[in-house]
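**Q** here is a sequence together with a model predicted from it:
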Amino acid sequence: MAEQLLQSSPRLPWNVRLFVSAASFFVDSSRRSNLSVNRRLFNFFDYKPSPLTKPHRNLKSSDVLVSRNLWFRLYTPTSTSTKLPVIVFFHGGGFVFMSAASKPYDDFCQRLARELPAVVISVNYRLSPEHRYPSQYDDGLDVLKFIDDRQNSSLFEAANLGHCFLAGDSAGGNIAHHVAVRASRHEFDNVKVVGMLAIQPFFGGEERTESETRLKSAPIVNMERTDWMWKAFLPEGSDRDHPVVNVFGPNAVDISAVDFPATVVFVGGFDPLQDWQRRYYEGLKKRGKQAELVFFPNAIHTFYAYPELEDSSAFIHKVRDFVQSRSVAATDTVH
């Protein structure tokens, strides 16, 4: 145990270490001190496969345009006779990097769609710093409205829109939270959000927590990177106690009266952000929301993206259990 406390990373397979090192290098090399991004350089790393226009292993996918600046990748299992739950997924990348087409997220969403199974909608929201807050939250709600529109129903014939889940990893987990709050104020005809998957969500504050300090050399996430990303995302002059960063902090917006979906928060023992994620879980509970925390002691930030890791399989099992149980509860409520 003492040895683990001194480590900043667990022992990882060589291919995971290689990918993590490459990702960190290209993120750091692409970030500029003036809060701009060298997109051309990052795109050398960010391979984007085309959608599965022909079914492959019982799955097809397509890119769907919502508006000029907004689209999503739709994953639909092809071998099902029943309507499937819907997962609206927001990718990570500190609000700045990656896309719905990026290979790690394309692979991850294919895996979710096949193994749950579910219809997965991976949102390609606008990125900072070119598009700062609240662009990403606006895009998330716009996608929900698009899904809800009967004119687009032919795209979602395999989906049960009454069993809709918001999900996101890292910055995407932050987006999922704020889209859930916004969605609670909107009257939908068909979409019913019944659960949320907050996968190592990206929250923070002006305070430096114990885990941020102890794991300052952890892979993928460190405080220099996250500080830069918050500056690139927030309105100029804001600090990390802005209510969208420190959601239960000194400037928090009270969500006690919000019809917030049941939430499961996934936390990793080698993630510097884990203290903020625990506070998020505790904040939901204190405000009367249904929440569960799932802790993986040996997990790094983004562990779920590597199928070769044991914890990645355990994560998929937990997601499947949560989606199934919330879908049953939603069905029982309707009846």
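**A** Yep, it's here.

**Q** using CSV, list the CA coordinates for stretch 143-163.
**A** C-alpha atoms of stretch 143-163 as CSV (Å, rounded to 0.1, in the frame of the first residue of the first chain):
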residue,chain,number,x,y,z
VAL,A,143,-28.5,17.2,-30.2
LEU,A,144,-31.2,16.1,-27.7
LYS,A,145,-33.7,18.4,-29.4
PHE,A,146,-32.7,16.9,-32.8
ILE,A,147,-33.2,13.4,-31.5
ASP,A,148,-36.6,14.4,-30.0
ASP,A,149,-37.8,15.9,-33.3
ARG,A,150,-40.3,13.5,-35.1
GLN,A,151,-38.9,14.6,-38.5
ASN,A,152,-35.7,12.7,-37.6
SER,A,153,-37.4,9.5,-36.2
SER,A,154,-36.3,7.3,-39.2
LEU,A,155,-32.7,7.6,-37.9
PHE,A,156,-33.6,6.1,-34.6
GLU,A,157,-36.0,3.2,-35.5
ALA,A,158,-34.0,0.8,-33.3
ALA,A,159,-33.9,3.2,-30.3
ASN,A,160,-36.2,3.5,-27.3
LEU,A,161,-36.0,7.3,-26.8
GLY,A,162,-37.8,6.9,-23.4
HIS,A,163,-34.7,5.1,-22.1
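
**Q** which other residues reach that stretch?
**A** Residues from elsewhere that reach stretch 143-163, judged by Cβ atoms under 8 Å, 6 or more residues apart in numbering: 64, 66, 70, 72, 74, 76-77, 80, 83-86, 88, 119, 121, 123, 164, 179, 183, 186, 188-194, 326-327, 330-331, 334. The way it works is simple: take the backbone N, C-alpha and C, and place the C-beta from them, glycine included.

**Q** strands of this structure, start to end?
**A** 59-67, 70-77, 84-90, 119-124, 159-169, 193-199, 262-270, 291-300 (DSSP state E).

**Q** so what's N190 closest to, chain neighbours aside?
**A** Leaving aside its sequence neighbours, N190 sits nearest to L161 (Cβ to Cβ, 6 or more residues apart in numbering; 4.5 Å).

**Q** equivalent analysis for A252, please.
**A** Counting by Cβ to Cβ, 6+ apart, the residue nearest A252 is P243, at 5.5 Å.

**Q** right, and that neighbour touches G249 too?
**A** Yes: assessed by Cβ atoms under 8 Å, P243 is found in contact with G249 at 7.3 Å.

**Q** quick one, which of those two is more surrounded?
**A** G249 (19 against 14; other Cβ atoms under 10 Å).

**Q** next, the contact list for the more buried one, please.
**A** 205, 241, 243.

**Q** do you know how far it is from L234?
**A** Plainly put, G249 is 14 Å away from L234 if you go by Cβ to Cβ, to the nearest Å.

**Q** who's the most centrally placed residue in the chain bridged to?
**A** Closest residue to the average C-alpha location of the chain: G168 at 1.5 Å, with Cα atoms, centre = their mean. In this structure, G168 bridges to F90, A198 when assessed by DSSP bridges.

**Q** how far off centre is stretch 225-234?
**A** For stretch 225-234, the separation from the chain centroid amounts to 17 Å (computed by Cα atoms, centre = their mean, to the nearest Å).

**Q** circling back to that earlier point, most neighbours per residue, which of the strands of the chain?
**A** Compared across those, strand 119-124 shows the largest average neighbour count, a mean of 28 (mean count of other Cβ atoms under 10 Å).

**Q** just the pLDDT at the residue nearest to the centre of the chain, thanks.
**A** Looking at G168, its pLDDT stands at 98.

**Q** likewise for L5?
**A** Looking at L5, its pLDDT is 46.

**Q** I'd like the average pLDDT over stretch 222-229.
**A** According to the model, stretch 222-229 has a mean pLDDT of 96.

**Q** for stretch 265-281, same thing?
**A** Rounded mean pLDDT across stretch 265-281 is 98.

**Q** and it, C-alpha only, in CSV?
**A** In CSV, the C-alpha atoms belonging to stretch 265-281 read as follows (Å, rounded to 0.1, in the frame of the first residue of the first chain):
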residue,chain,number,x,y,z
VAL,A,265,-19.7,8.3,-11.1
PHE,A,266,-16.6,6.3,-12.2
VAL,A,267,-13.3,7.1,-10.3
GLY,A,268,-9.8,5.9,-10.8
GLY,A,269,-7.1,5.5,-8.0
PHE,A,270,-4.4,7.0,-10.3
ASP,A,271,-6.5,9.9,-11.6
PRO,A,272,-5.4,13.3,-10.1
LEU,A,273,-9.0,14.5,-10.5
GLN,A,274,-10.4,11.8,-8.2
ASP,A,275,-11.0,14.1,-5.2
TRP,A,276,-13.1,16.5,-7.4
GLN,A,277,-15.0,13.5,-8.7
ARG,A,278,-15.8,12.3,-5.2
ARG,A,279,-16.9,15.8,-4.2
TYR,A,280,-19.2,15.7,-7.2
TYR,A,281,-20.8,12.4,-6.1
